[in-house]
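Undergrad: Could you work out the structure for the sequence below:
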Amino acid sequence: MARPAVKHTVEFDRVVALPRRVLNDVDSAAWAAVFTDELRDPRAVNLAPLLPEQGIVLAEALENNGAWVALPVGTGKTLLTYLLPVVFDAKRPLLIAPAAARDKTWADFASYEGQWRSPRAPIRFMSREDLANPKSVRFLHVYRPDLVMCDEGDELSNAIKGAPARLDRYRVDNQDAVFVVLTGTPTRNSIMGYWHILGWCLPETMPLPMVESEACTWAAALDERHGRAFDRVLPGPLGATREAALEWYSRRLTETPGVIIIDKDSCEAPLTFRWRFAKEDPALDAAYERFLTREENPGGMLVTDPLRWWLLDGQMGCGLYSYFDPEPPEEWRDAYREFAKFVRVMIARSRTGSHPLDTESMVVRRFKTHPTVERWLAIKPTFKPHTRHQWITHSAVESAVEWLHESREPGIVWTGCVEYGLEVAHKAGVPYFGRLGKSNDGRSLHNLAPNTSLVASWGANKRIFNLQPWARQLITMMPQSAKYVEQIVGRSHRRGQDKHVMIDVLMGSGGTIDAFEGAIRESLFGKASTTLTQKILRAEIIRARPAITKANHYRWASRWKGRAEELAA
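TA: Alright, predicted model coming up:
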């Protein structure tokens, strides 16, 4: 039976017929000069002119009544969100940005006063979490913003989550509102991560099918699938091969008016990734053997969920593991799985209805008599999940502490595991920075002395912060996402950096190596589909090979296959 293919439809013809333009440096610089003169405050002294990238964003947004913008780190997105309301003469401008950016954004806005013309009306700031809160269900329709700006727009990639769903509904009901979405990392592995966002910004000229089912067919032909072809749709009119289709699509996307993708690094300083292996440790070797042969954690509990599989692999590489104590009863776990699936389906189905649902609590209120919900609500109080952490060994902690102390230059240890980060910070005598850039001793990343080494959660602090003084960094519990790697590295490798930025990656297992290579594969899809070259592709990468022996070979087995026979030759 032939595999399905992308169809030649009316929507395909509409996308093909859209106007085209090619961005160029001359026009960008000219627009920057025009807007610098027009938007400067008469009181301004020694005003730094707008960057060419900023000039072309303002021009394209105004020309197309909206824009989807992908800019390199350090290109002045905050200033853009201050000036866009001036350009559009917005009466009710709204900025949606990460909660951690709130204080910095207000401080930056205050610094622009007297330098740039002020917006006609105050800019309303909301975080994604604020907007997703059940109390904010009517906020957009009450406030009625005429200009919606989203910074770090990739946080809105899951269309059925609370904040994106509410923005989507507002756009449908308010066609006159202008949307400008800015990001430094537009995609991970699917064009559907920004399909709905393009629809907000360019509702009449989006360069993807407006019909979601048809856009999903395009995605099935184009998306990154870790090399799998058995479920891929043939590209049909998009191109003879997937590679040809990606080339056609990336050109169509980037040449669409209102889509601004700047493919250049904001930092010219050298960037190097180096693999560094954690200390050998018999206790970890035994833990990984049990993990891969019995699919159990070191405490003997089965691990079957894919997310917990990835989490356990990464945690064990750091020398510990988390577990429920006690484990949930099977009936409780099954009820929760069915309930979670029901919630996802109900939110997705409600998107086109007159009474959409955005959150789990809204689903519960609407369907409280549904058998699946009733079963979960009845059994939920019978078990209180309690997570504990157990150390296997401190060898990976020692590896990070040694890295911090082997140079007089201050460094950052990035980690995806709070308990590991706190332990490294304690052993090394340095602060640990968690949520909102706050440390365990009360300091803030925004004003930390540059001669201080530190440990930081990459989950909490991979955005917003300017950490340029720290050109020496160690990433532990390597994230699977190229987007996260781009954001972590961009804290230091950014405009104004003149040092060689050295990123060491602590490899604790074969899964860590898989995560690194997976990030490269993901970034290659981003380049092929959007033309944006992430930092990991621009960097020098110094790989190494683990010393594999009979005793430790399970530790270096591939996580993707989960078996020892997947060892490198």
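Undergrad: any idea how far Pro356 is from Arg366?
TA: 10 Å (CB to CB, to the nearest Å). (Glycine included, C-beta is placed from N, CA and C.)
Undergrad: and what of Leu167?
TA: 12 Å.
Undergrad: again, but for Trp106
TA: 32 Å.
Undergrad: neighbour-wise, which of these two wins?
TA: Neighbours per residue, other CB atoms under 10 Å: of Trp106 and Pro356, the larger number sits with Pro356, 18 against 12.
Undergrad: Show the contacting residues for the residue nearest the centre of the chain.
TA: Closest to where the C-alpha atoms of the chain average out (CA atoms, centre = their mean) is Lys483, at 5.0 Å. By CB atoms under 8 Å, 6 or more residues apart in numbering, Lys483 lies in contact with Asp154, Thr185, Arg188, Glu522.
Undergrad: Narrow the residues you listed to those in helices?
TA: Glu522 (DSSP state H).
Undergrad: What are the buried residues along stretch 239-252?
TA: Gly239, Arg242, Ala245, Leu246, Glu247, Trp248, Tyr249, Ser250, Arg252 (16 or more other CB atoms under 10 Å).
Undergrad: One more: stretch 413-425?
TA: In stretch 413-425, counting by 16+ other CB under 10 Å, buried: Val413, Trp414, Thr415, Gly416, Cys417, Glu419, Tyr420, Gly421, Leu422, Glu423, Val424, Ala425.
Undergrad: mind saving the C-alpha coords of that stretch as PDB?
TA: C-alpha atoms of stretch 413-425 as PDB (Å, rounded to 0.1, in the frame of the first residue of the first chain):
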ATOM      1  CA  VAL A 413      27.900  24.800  36.800                       C
ATOM      2  CA  TRP A 414      24.600  24.400  35.100                       C
ATOM      3  CA  THR A 415      22.400  21.500  36.200                       C
ATOM      4  CA  GLY A 416      18.900  20.000  35.600                       C
ATOM      5  CA  CYS A 417      18.800  18.400  39.100                       C
ATOM      6  CA  VAL A 418      18.200  20.700  42.100                       C
ATOM      7  CA  GLU A 419      19.500  18.200  44.700                       C
ATOM      8  CA  TYR A 420      22.700  17.700  42.700                       C
ATOM      9  CA  GLY A 421      23.100  21.400  42.300                       C
ATOM     10  CA  LEU A 422      22.700  22.100  46.000                       C
ATOM     11  CA  GLU A 423      25.200  19.400  46.800                       C
ATOM     12  CA  VAL A 424      27.800  20.800  44.400                       C
ATOM     13  CA  ALA A 425      27.300  24.300  45.700                       C
END
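Undergrad: Quick one: mean pLDDT over that stretch.
TA: Per-region confidence: stretch 413-425 scores 95 on mean pLDDT.
Undergrad: same check, this time on stretch 519-535
TA: 92.
Undergrad: what does stretch 462-470 give?
TA: pLDDT averaged over stretch 462-470 gives 89.
Undergrad: same thing with stretch 191-200?
TA: 94.
Undergrad: Show me which positions of it end up buried.
TA: Ile191, Met192, Gly193, Tyr194, Trp195, His196, Ile197, Leu198, Gly199, Trp200.
Undergrad: same deal with stretch 158-172?
TA: 159-171.
Undergrad: Stretch 54-66 too?
TA: Gln54, Gly55, Ile56, Val57, Leu58, Ala59, Glu60, Ala61, Leu62, Asn64, Asn65, Gly66.
Undergrad: These into a markdown table, with extra columns for secondary structure?
TA: Formatted as a markdown table, the buried residues of stretch 54-66 follow (DSSP: H, G, I helix; E, B strand; the rest coil):
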| residue | secondary structure |
| --- | --- |
| Gln54 | helix |
| Gly55 | helix |
| Ile56 | helix |
| Val57 | helix |
| Leu58 | helix |
| Ala59 | helix |
| Glu60 | helix |
| Ala61 | helix |
| Leu62 | helix |
| Asn64 | helix |
| Asn65 | coil |
| Gly66 | coil |
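Undergrad: Just the closest of the residues you listed to Gly442, please.
TA: Gln54 (35.7 Å; CB to CB).
Undergrad: That closest one and Gly76 touch, don't they?
TA: Yes. Using CB atoms under 8 Å, Gln54 makes contact with Gly76 at a distance of 5.5 Å.
Undergrad: Could you report the neighbour count for Ala348?
TA: 13.
Undergrad: ok now the helix or strand harbouring it, how far from the chain's centre?
TA: Element membership of Ala348 [criterion: DSSP states H and E] is helix 330-350. Counting by CA atoms, centre = their mean, to the nearest Å, helix 330-350 is centred 25 Å from the centre of its parent chain.
Undergrad: can you check stretch 488-496 too?
TA: 16 Å.
Undergrad: Outside of it itself, list whatever touches it.
TA: With CB under 8 Å, 6+ apart, stretch 488-496 has contacts from 73-75, 184, 266-267, 269, 271, 412, 414, 458, 461-462, 465-468, 470-471, 473, 475, 479, 501, 503, 535-536, 539.
Undergrad: Model confidence score at the closest residue to Ile261 other than its chain neighbours, please.
TA: Spatial nearest neighbour of Ile261, excluding adjacent residues (CB to CB, 6 or more residues apart in numbering): Ala70 at 4.5 Å. Note for Ala70: predicted pLDDT of 94.
Undergrad: Isn't Glu522 up against Pro479?
TA: No. Here Glu522 lies out of contact with Pro479, judged by CB under 8 Å, at a distance of 10.5 Å.
Undergrad: Contacts for stretch 92-104, please.
TA: Under CB under 8 Å, 6+ apart, the answer for stretch 92-104 is 78, 81, 84-85, 105, 119, 121, 123-131, 143-152, 155-156, 163, 167, 435-437, 446, 460-461, 463-465.
Undergrad: what do you get for stretch 167-182?
TA: 57, 61, 65-71, 77, 80-81, 84, 88, 90, 96, 131, 140-141, 144-153, 156, 159, 196-197, 199-201, 203, 351, 356.
Undergrad: Kindly report the same for stretch 374-381.
TA: Stretch 374-381 is contacted from outside by Glu331, Trp332, Ala335, Tyr336, Glu338, Phe339, Val364, Lys368, using CB under 8 Å, 6+ apart.
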